[in-house]
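Colleague: with the input below, show me the fold.
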Amino acid sequence: MRGSDAMRVIGAALLAAMLSTPLQARAELLWNWSYSGAGIAASGTFTTGETPDGSGFYAITGITGTRNGIAITALQPTGTAIPGNAPFAVDNLVRTTRPQLSTHGIGFAMADGTYANPFFADFLPTPGYLEFRSVPPFSNGVGNGNTELPIAFSAAIVETPVPAPAALGLLLAGLAGLVVARRRAA
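Modeller: Predicted coordinates for the structure are as follows:
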């Protein structure tokens, strides 16, 4: 078998494999989020699972953004409290309907060593969103630099699932193989 024939066979095989493999959707959604309050401005993006739970909440798996110009560096692990806010563990859930955050809220760390936990405060006379912010040295509760202030929170899905990178790679490899084989044959 000549080299161009071999390339044609390889390209056709890759293309056939790609066409026989269903394109799997990446199981995540991309959201834009923001919140603000007196002296507070936070915004960014987060990723969630593709499917909500029975209450319509999506599990947040990643977060980026800033709070008052300070970069957000990490999502607080679900089931743990941000430093200085024990025993109030975050659940990192969001939904498209109101209230968008649960009573446990989202937790995240920032580049300056502080942490924030925006959440839905159903215990207020008029339920609404609050942000608990903790600063080192960490002590539980408001005071010693820790604050709990009212905020306005919003989030919206901006990107739906896309084909998995592996399936797209297989498609591109098959097409590239056919192009190479065609050029060598010419």
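Colleague: for the rest of this, base every contact and every neighbour count on C-alpha atoms.
Modeller: Fine.
Colleague: surely Asn32 touches Glu159?
Modeller: No: here Asn32 does not reach Glu159: they are 9.3 Å apart, not a contact under CA atoms under 8 Å.
Colleague: what residues are shared contacts of the two?
Modeller: Common neighbours of Asn32 and Glu159, using CA atoms under 8 Å, 6 or more residues apart in numbering, do not exist here.
Colleague: more neighbours, the two?
Modeller: Asn32 (18 against 12; other CA atoms under 10 Å).
Colleague: and that one, how far from Glu131?
Modeller: Asn32 is 18 Å from Glu131, where distance means CA to CA, to the nearest Å.
Colleague: for Ala152, what are its contacts?
Modeller: Ala152 is in contact with 35-37, 128-129, counting by CA under 8 Å, 6+ apart.
Colleague: now the closest residue to Phe108 other than its chain neighbours, what are its backbone angles?
Modeller: In this structure, Phe108 finds its nearest non-sequential neighbour in Leu75, 4.5 Å apart by CA to CA, 6 or more residues apart in numbering. The phi and psi values for Leu75, taken as degrees, to the nearest 10, are phi -90, psi 130.
Colleague: cool, Ile151 as well?
Modeller: As for Ile151, its main-chain torsions (degrees, to the nearest 10) stand at phi -140, psi 160.
Colleague: my guess is it meets Tyr129, correct?
Modeller: Yes: assessed by CA under 8 Å, Ile151 is found in contact with Tyr129 at 5.4 Å.
Colleague: and the buried ones among the contacts of Ala152, selectable in ChimeraX?
Modeller: Remark: buried members of the contacts of Ala152, expressed as a ChimeraX selection using 16 or more other CA atoms under 10 Å:
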select :35,36,128,129
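Colleague: of the contacts of Ala152, which is the nearest to Thr48?
Modeller: Tyr35 (18.0 Å; CA to CA).
Colleague: isn't that closest one up against Ala41?
Modeller: Yes: counting by CA under 8 Å, Tyr35 does reach Ala41; the two are 6.1 Å apart.
Colleague: between these two, what contacts are shared?
Modeller: By CA under 8 Å, 6+ apart, Tyr35 and Ala41 have no common neighbours.
Colleague: got the contact list for Ser34?
Modeller: 41-44, 153-155.
Colleague: what's the answer for Thr97, then?
Modeller: Gly56.
Colleague: what of the one 10 residues further on?
Modeller: With contact taken as CA under 8 Å, 6+ apart, Gly107 is in contact with 75-77, 81-82, 90, 92, 115-118.
Colleague: so which of those are in strands?
Modeller: 75, 115-118 (DSSP state E).
Colleague: quick one, domains of this structure?
Modeller: In the domain annotation for the chain, the residue ranges read 3-24+163-185, 28-159 (automatic domain parsing).
Colleague: for the helix or strand hosting Ala155, list the C-alpha coordinates in PDB.
Modeller: Following DSSP states H and E, the helix or strand that holds Ala155 is strand 147-159. Only the C-alpha atoms of strand 147-159 are listed here, as PDB (Å, rounded to 0.1, in the frame of the first residue of the first chain):
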ATOM      1  CA  THR A 147     -18.800  41.800  58.500                       C
ATOM      2  CA  GLU A 148     -22.300  40.700  57.500                       C
ATOM      3  CA  LEU A 149     -24.000  43.200  55.200                       C
ATOM      4  CA  PRO A 150     -27.000  43.200  52.900                       C
ATOM      5  CA  ILE A 151     -26.400  42.700  49.200                       C
ATOM      6  CA  ALA A 152     -28.400  42.400  45.900                       C
ATOM      7  CA  PHE A 153     -27.400  39.100  44.100                       C
ATOM      8  CA  SER A 154     -28.100  38.000  40.600                       C
ATOM      9  CA  ALA A 155     -26.900  35.100  38.400                       C
ATOM     10  CA  ALA A 156     -27.700  33.900  34.900                       C
ATOM     11  CA  ILE A 157     -26.700  31.000  32.700                       C
ATOM     12  CA  VAL A 158     -24.700  32.400  29.700                       C
ATOM     13  CA  GLU A 159     -23.400  29.200  28.100                       C
END
